[in-house]
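**Q** structure of the sequence below:
(one chain, ligands or ions: 2)
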Amino acid sequence: MKYPSSVTVVEVGPRDGFQSIKPWIETADKIETCRRLLEAGIPLMECTSFISPKAIPQMKDAEEVVTALLAIPGAADRLLALVGNKKGADRAHAAGVKKVAMVISASAEHNKNNVNKTPDQSLEELSATIAAYPDLHIKLDLATAFGCPFQGEVSMEEITYVLDGAVVAGIRDICLCDTIGVGMPDQVGRIFRALQERYGGRGVQWSVHLHNTRGMAMANTIAAMEAGVDRFETAVAGLGGCPFAPGASGNMATEDLLYFLNETGISSGVDINQVIGTSDYITGKIGCCRDSKINATTVHKIFPKA
Ligand code: COA
Ligand code: ZN
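**A** Residues are numbered from 1 along each chain as shown. Ligands and ions are numbered 1, 2, ... in the order given. Below you'll find the model as predicted:
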């Protein structure tokens, strides 16, 4: 069969989306967005990041956001927080977070700009975090896996250099991120097939995170699916962008992915109508930035429930 019968939709709007918005978003609005997304059935969600508030002031309320969300029954296992170093993991762990995403870029230039470290230094932060918190689930977000805003092309050797280090350290949850939306379907398929061969039998859960900067995210989603990927990171309303990657813009919109999944008969357990409602809610609050196709139509109420 070409497609999986079900996939996991990982919502990243409250992290990747909000981090790219300069005007302050009220903490209560962030929490309400996350609450609605959980209610819609989102099984996993990056809800904030524990990074330097000087680097991204919008994320300075990370503790407050996770404290409120962790109080929702059953939410703890569905929440992820992004970290860029061990200090971020220290904060996340102290706040009660059970799952983090640690970001390391495949390209050294972007890693320097993003977290001010070489890939080796970031791998050391990863190992130190694993050693300090054996109970913490750690997903690796490999940024710039399909291209870098500073150096251009990223080689397979650069990708596997970081991934070899992470897999040896014990990481089994890996997301390849097209930070600036330059990946092409044949490239996405080729890279995933090569990685599955290289790390086959290790029990790695792969996922993909696609920015739609050049309109390729849907095509790349399908290419990844055809290469066996069954976990997709998307953002409500198509929010998103990395402040440390010039030209980066929104993610694949969650509602657009859900439309594709529903119409193709792939189950996700997520209610598209509730996600569209949340998309209306948060773009109304922030007054901008909707970048999804599905919201452009007024007939969305006809979509079936997931
Ligand atoms: N949370 C809070 N504060 C942090 C922090 C964290 N995770 N990591 C570092 N800091 C603070 C340090 O305590 C120090 O504070 P001080 O100046 O008051 O003493 C300051 O930041 C500098 O620390 P240092 O370790 O030297 O970091 P740096 O200057 O090399 O910056 C990062 C590195 C990781 C802190 C910074 O680049 C960052 O937060 N980047 C965010 C990346 C990101 O979120 N990108 C988008 C998502 S992919
Ligand atoms: Zn992103």
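
**Q** which residue does the stretch 101-250 of the chain have closest to ligand 1?
**A** Asn116 (3.3 Å; CB to the nearest ligand atom). Using the backbone N, CA and C atoms, a C-beta is placed for each residue, glycine as well.

**Q** Ser20 and Thr33: what is the separation?
**A** Computed with CB to CB, to the nearest Å, the distance linking Ser20 and Thr33 is 14 Å.

**Q** which of these two has more neighbours?
**A** More crowded of Ser20 and Thr33, by other CB atoms under 10 Å: Thr33, with 28 against 21.

**Q** contacts for stretch 219-228 next, please.
**A** The contact list for stretch 219-228 (CB atoms under 8 Å, 6 or more residues apart in numbering) reads 2-4, 7, 178, 183-186, 188-189, 192-193, 196, 206, 208, 210, 232, 252, 257, 260.

**Q** near ligand 1, which residues of the stretch 151-300 of the chain show up?
**A** Contact residues, the stretch 151-300 of the chain versus ligand 1 (CB under 6 Å from any ligand atom): 242, 244.

**Q** residue ranges with poor pLDDT in the stretch 151-300 of the chain?
**A** The model of the stretch 151-300 of the chain has pLDDT under 70 over residues 295-300.

**Q** show me the helices in it, by range?
**A** 156-169, 185-198, 217-226, 254-264, 272-286 (DSSP state H, counting those that start in this stretch).

**Q** the nearest residue to Gln205 once chain neighbours are set aside and Asp271, how far apart?
**A** Among residues not flanking Gln205 along the chain, Asp173 sits closest, at 4.9 Å (CB to CB, 6 or more residues apart in numbering). For Asp173, the distance to Asp271 equals 25 Å [CB to CB].

**Q** Leu80 too?
**A** Distance, Leu80 to Asp271, by CB to CB: 21 Å.

**Q** go on, Leu136?
**A** Taking CB to CB, one finds Leu136 at 30 Å from Asp271.

**Q** stretch 93-108 near ligand 1 at all?
**A** Yes - judged by CB under 6 Å from any ligand atom, stretch 93-108 comes into contact with ligand 1 at Val103.

**Q** just to revisit the earlier point, for the residue of the stretch 101-250 of the chain closest to ligand 1, give its distance to Glu125.
**A** For Asn116, the distance to Glu125 - CB to CB - is 11 Å.
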